[in-house]
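[1] structure of the sequence below:
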Amino acid sequence: MKDALVIIPTYNERENIEAMVRKVMLLSHPFDLLIIDDGSPDGTADIVRSLQLEYPERLHLETRQGKLGLGTAYIHGFKYALRHDYEYIFEMDCDFSHNPEDLLRLYKACAVEGYDVAIGSRYVQGVNVVNWPMSRVLMSYFASSYVRLITGMPIHDTTAGFKCYRSKVLKTIQLNKIRFVGYAFQIEMKFLAYKYGFKIKEVPIIFTDRTKGESKMSSGIFKEAVLGVLKMKVNSIFRHFDRYEV
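    Next up is the predicted model:
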């Protein structure tokens, strides 16, 4: 079994991708890296291909035609990770809002401390967000509070997109049945892990908004999260969550 794979979806990230790849490659733990590029017209994938010459065994690239959504990119990456027999699978943004150094802390939570899911959490110790306007901080914070209220999950940062999963979590969750593509995707994955009884830890991080490139955030993503959570909770009432060790 292979050890650890970091999955990073990209769309028009030429300003960040080389620095991010090199930073991950230089970490003290040898993480493999999978870039999933949705046909970036700015040449992001070409930069990755050139870097593969330097890191042929550890840097991988999957390209897709068109901007197909964050959730589908991660599911594509999860299936790749399971096919290639990785034990620890990470999801992470390319824009340095997630500090690559924190990969080591998420890895430790799962590989050393025995958790099944580790979440890089902005809200488990107060509010640790840098460079966001107050309106966006409040919207994100209260969205997580709303999700906790509706779902009953004991998780402070329910929309976090910086996570580590053990492979058995992704094998148990039926990836083909994941419904959402934006922030609600992040919520749904946590909710399913919680309902199946996996051990979850929130690891405090400092989230720093991107300084290069353009944000992919939209009001529609938050709308999906708010309305989708209600439907997800109702559907869960009629679903069984029996887990078998894999």
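[2] just the helices in this structure please.
    Secondary structure of the chain, counting by DSSP state H: helices at 17-25, 44-52, 70-83, 102-111, 134-151, 167-172, 183-195, 219-237.
[3] okay, buried residues for the third one please.
    Pointing back at helix 70-83 there. Within helix 70-83, the residues that count as buried by 16 or more other CB atoms under 10 Å are 70-78, 80-81. To be clear about C-beta, it is placed using only N, CA and C from the backbone, and glycine gets the same treatment.
[4] any chance of a markdown table for these, columns pLDDT and distance to residue 187?
    Output for the buried residues of helix 70-83, formatted as a markdown table (pLDDT from 0 to 100; distance: CB to CB, whole Å):
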| residue | pLDDT | distance to residue 187 |
| --- | --- | --- |
| 70 | 88 | 12 |
| 71 | 91 | 10 |
| 72 | 93 | 16 |
| 73 | 95 | 16 |
| 74 | 96 | 13 |
| 75 | 96 | 15 |
| 76 | 97 | 19 |
| 77 | 98 | 18 |
| 78 | 98 | 16 |
| 80 | 98 | 23 |
| 81 | 98 | 21 |
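[5] please identify the buried residues of stretch 124-143?
    In terms of neighbour count (16+ other CB under 10 Å), stretch 124-143 has its buried residues at 124, 129, 132, 140-141, 143.
[6] now these as JSON lines including distance to residue 184 and pLDDT?
    What follows is the buried residues of stretch 124-143, written out as JSON lines (distance: CB to CB, whole Å; pLDDT from 0 to 100):
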{"residue": "124", "distance to residue 184": "21", "pLDDT": "92"}
{"residue": "129", "distance to residue 184": "20", "pLDDT": "84"}
{"residue": "132", "distance to residue 184": "20", "pLDDT": "80"}
{"residue": "140", "distance to residue 184": "14", "pLDDT": "82"}
{"residue": "141", "distance to residue 184": "17", "pLDDT": "82"}
{"residue": "143", "distance to residue 184": "10", "pLDDT": "83"}
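[7] for the residue nearest to residue 131 when sequence neighbours are not counted, give its distance to residue 122.
    Counting by CB to CB, 6 or more residues apart in numbering, the nearest residue to residue 131 once its immediate chain neighbours are dropped is residue 209, at 3.9 Å. Residue 209 sits 11 Å away from residue 122 when distances are taken as CB to CB, to the nearest Å.
[8] the bottom helix or strand of this structure by mean pLDDT?
    Of all the helices and strands that make up the chain, helix 219-237 has the lowest average by mean pLDDT, DSSP states H and E, namely a mean of 73.
[9] could you report the pLDDT at the residue lying closest to residue 114 once chain neighbours are set aside?
    By the measure of CB to CB, 6+ apart, the closest residue to residue 114 outside its immediate chain neighbours is residue 199, 7.0 Å from it. You'll see residue 199 listed with a pLDDT of 98.
[10] so residue 199 makes contact with residue 118?
    No. Counting by CB atoms under 8 Å, no contact exists between residue 199 and residue 118, whose distance comes to 9.6 Å.
[11] those two: which is more packed in?
    In this comparison of residue 199 against residue 118, neighbours counted by other CB atoms under 10 Å, the higher total goes to residue 118 at 28 against 15.
[12] just list whatever residues bridge to the more buried one.
    Counting by DSSP bridges, residue 118 forms beta bridges with residue 164, residue 201.
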